[in-house]
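Chemist: Mind looking at a prediction? Sequence and model below.
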Amino acid sequence: MFGRIQIIIIGGILLMGALTGIYYSWRTGIEREALLEYNQKQLEQNIKDQEALKQKLADMDAKQKEIDAANIADKGVFKGKMESINTEIDSHKSADNPASDVLKKTVAKLKDAVK
């Protein structure tokens, strides 16, 4: 029923199919390895970026603490200046000088204002 040529043709078709399957399997493996390598590099870069961000946040936190300490020190200086202004206003206060009450109220409001 089958002749020699027909067996060779069927064998050739099966061989081509097997070779094609092996080629595509090899190619898929190479693509998978390249994708895994790319993903690994992306993860490493992400970790580096997160570490850099953590360092920047730590630096910003330290700078914020320095600024807060400077503000606390400045508030003491500001309070001393306001007290000296109040003393100066009280020393010039007289019955015929109504502006001193206005100045005193203004200074009091400034003292309570947030710097």
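Modeler: Yes, it's here.

Chemist: what's the weakest-modelled helix or strand in the protein?
Modeler: helix 99-112 (a mean of 70; mean pLDDT, DSSP states H and E).

Chemist: If I look at the closest residue to Lys111 other than its chain neighbours, what pLDDT would I see?
Modeler: Here the nearest residue to Lys111 in space, its sequence neighbours aside, is Met82; by CB to CB, 6 or more residues apart in numbering that works out to 4.7 Å. (Each C-beta comes from the backbone N, C-alpha and C, glycine too.) Met82 carries a pLDDT value of 73.

Chemist: Near Glu88, how many residues? Count them for me, please.
Modeler: 13 (other CB atoms under 10 Å).

Chemist: what's the helix or strand where it lies packed up against?
Modeler: Assessed by DSSP states H and E, Glu88 sits inside helix 4-91. Using 3 or more CB pairs under 8 Å, 6 or more residues apart in numbering; DSSP states H and E, the elements in contact with helix 4-91 are helix 99-112.

Chemist: Any stretches of the protein with poor pLDDT?
Modeler: Counting by pLDDT under 70, the ranges of the chain that qualify are 1-2, 76-78, 89-102, 104, 112-115.

Chemist: Next one: the most centrally placed residue in it from Glu31, what distance?
Modeler: For the chain, the residue nearest the mean C-alpha position is Leu53 (5.5 Å; CA atoms, centre = their mean). Look at Leu53 and Glu31: by CB to CB, to the nearest Å, they are 33 Å apart.

Chemist: Could you report the neighbour count for Leu35?
Modeler: 10.

Chemist: From what I see, Lys79 and Leu110 are in contact.
Modeler: No. Using CB atoms under 8 Å, Lys79 is not in contact with Leu110; the gap is 11.2 Å.
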